[in-house]
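*Asks:* Give me a model of this one.
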Amino acid sequence: MTKLSVNINKVATLRNARGGKSPNVLQFAQDCERFGAQGITVHPRPDERHITLEDVYGLKSLVKTEFNIEGYPDDRFQKIISDLKPTQATLVPDPPNVLTSNAGWDTIVHQDLLRELVAGYRAIGVRSAIFIETDLKMIEAAAKTGVDRIELYTGPFAEHYSQNPKTAIEKYVAAAKLANELGLGINAGHDLSLENLAYFKENIDGLLEVSIGHALIGDALYFGIENTVQLYLRELQ
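*Replies:* Numbering: from 1, shown residues only. Presented below is the predicted three-dimensional model:
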């Protein structure tokens, strides 16, 4: 079964627009779990434009499913992972001012760094994942780091899905095939939605987890968060 991890960054963005504690990010995460989500994802950026350090540390004691913390492995991120020991640390090669994660790691250039990070996470019992594109050489190099999983960057798939689904999915099918052969777990995230999720899931063998935020929170404005979580879970069945 493919697990649904709800990225709650956008909920924090809405709260921060007015200050205060509404909507309550911690309660929202708990409710997502209560409505069936199998994980909660956050990306605590250094400028705290959405998820804050207070949020991350508060969530640790509340999240009862899988807690996935993603980000660039600077000293701040490393301290968060060391302190909280989440279920999973997802490494994303984001510069500080980027709007959203829109590229995967060069696992060849950064091989030594990633190998060291992965070993450190394993030593404290944290599952590791590397945000990556469909380049087969990068996936082969990712496997050499000892990482537990890769997270396929699905932005290009989502962008081209409406034009030609078969063409949009081709590179992801090949990437998943190689990842499975190399013993890598497969996650996916970025712009997955009710329109394209089922097709992606049906075609990607061994898909363990999807992390979805922007589209899911947008749909919740129309359907309500309880119904929306159920709709996404249905697409993953």
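*Asks:* and the gap between the residue nearest to the spatial centre of the chain and residue 42?
*Replies:* To find the centre residue of the chain, average its C-alpha atoms and take the closest one (C-alpha atoms, centre = their mean): that gives residue 211, at 4.1 Å. Counting by C-beta to C-beta, to the nearest Å, the separation of residue 211 from residue 42 is 10 Å. C-beta: built from backbone N, CA, C; applies to glycine.
*Asks:* Please identify every residue contacting each of those two.
*Replies:* Residues within reach of residue 211 and of residue 42 at once, by C-beta atoms under 8 Å, 6 or more residues apart in numbering, are 7, 68, 70.
*Asks:* and the last one, that's in a strand?
*Replies:* Looking back up the chat, that one is residue 70. Yes: per DSSP: H, G, I helix; E, B strand; the rest coil, residue 70 lies within a strand segment.
*Asks:* Okay, and the beta partners of it?
*Replies:* Going by DSSP bridges, residue 70 is paired in beta bridges with residue 90.
*Asks:* quick one: it from residue 40, how far?
*Replies:* When distance is defined by C-beta to C-beta, residue 70 is 11 Å away from residue 40.
*Asks:* what do you get for the second one?
*Replies:* In this structure, residue 68 and residue 40 are 7 Å apart, going by C-beta to C-beta.
*Asks:* so what's in contact with these two at the same time?
*Replies:* Any residue near both residue 68 and residue 40 by C-beta under 8 Å, 6+ apart counts here, and that gives residue 5.
*Asks:* could I have the longest helix belonging to the chain exported to PDB, CA atoms only?
*Replies:* Among the segments of the chain that qualify as a helix by DSSP state H, the longest is helix 165-181. C-alpha atoms of helix 165-181 as PDB (Å, rounded to 0.1, in the frame of the first residue of the first chain):
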ATOM      1  CA  PRO A 165       0.100  10.900 -19.600                       C
ATOM      2  CA  LYS A 166       2.100   8.100 -21.300                       C
ATOM      3  CA  THR A 167       5.000  10.400 -22.200                       C
ATOM      4  CA  ALA A 168       4.900  12.100 -18.800                       C
ATOM      5  CA  ILE A 169       5.300   8.900 -16.900                       C
ATOM      6  CA  GLU A 170       7.900   7.100 -19.000                       C
ATOM      7  CA  LYS A 171      11.000   8.300 -17.300                       C
ATOM      8  CA  TYR A 172       9.400   7.700 -13.900                       C
ATOM      9  CA  VAL A 173       8.700   4.100 -14.800                       C
ATOM     10  CA  ALA A 174      12.300   3.500 -15.800                       C
ATOM     11  CA  ALA A 175      13.500   5.300 -12.600                       C
ATOM     12  CA  ALA A 176      11.300   3.100 -10.400                       C
ATOM     13  CA  LYS A 177      12.400  -0.100 -12.200                       C
ATOM     14  CA  LEU A 178      16.100   0.800 -11.500                       C
ATOM     15  CA  ALA A 179      15.400   1.800  -7.900                       C
ATOM     16  CA  ASN A 180      13.700  -1.500  -7.200                       C
ATOM     17  CA  GLU A 181      16.600  -3.400  -8.700                       C
END
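*Asks:* where exactly do the strands run in the chain?
*Replies:* For the chain, strands defined by DSSP state E occupy the ranges 3-7, 39-42, 66-71, 88-91, 127-132, 149-153, 185-189, 207-212.
*Asks:* Give me the phi and psi for residue 126.
*Replies:* When quoted as degrees, to the nearest 10, the phi and psi of residue 126 stand at phi -110, psi 130.
*Asks:* Please look at it and residue 88 and confirm they touch.
*Replies:* Yes: applying C-beta atoms under 8 Å, one finds residue 126 in contact with residue 88, separated by 6.9 Å.
*Asks:* So which of these two has more stuff around it?
*Replies:* It is residue 88, of residue 126 and residue 88, that has more neighbours when counted by other C-beta atoms under 10 Å, with 25 against 19.
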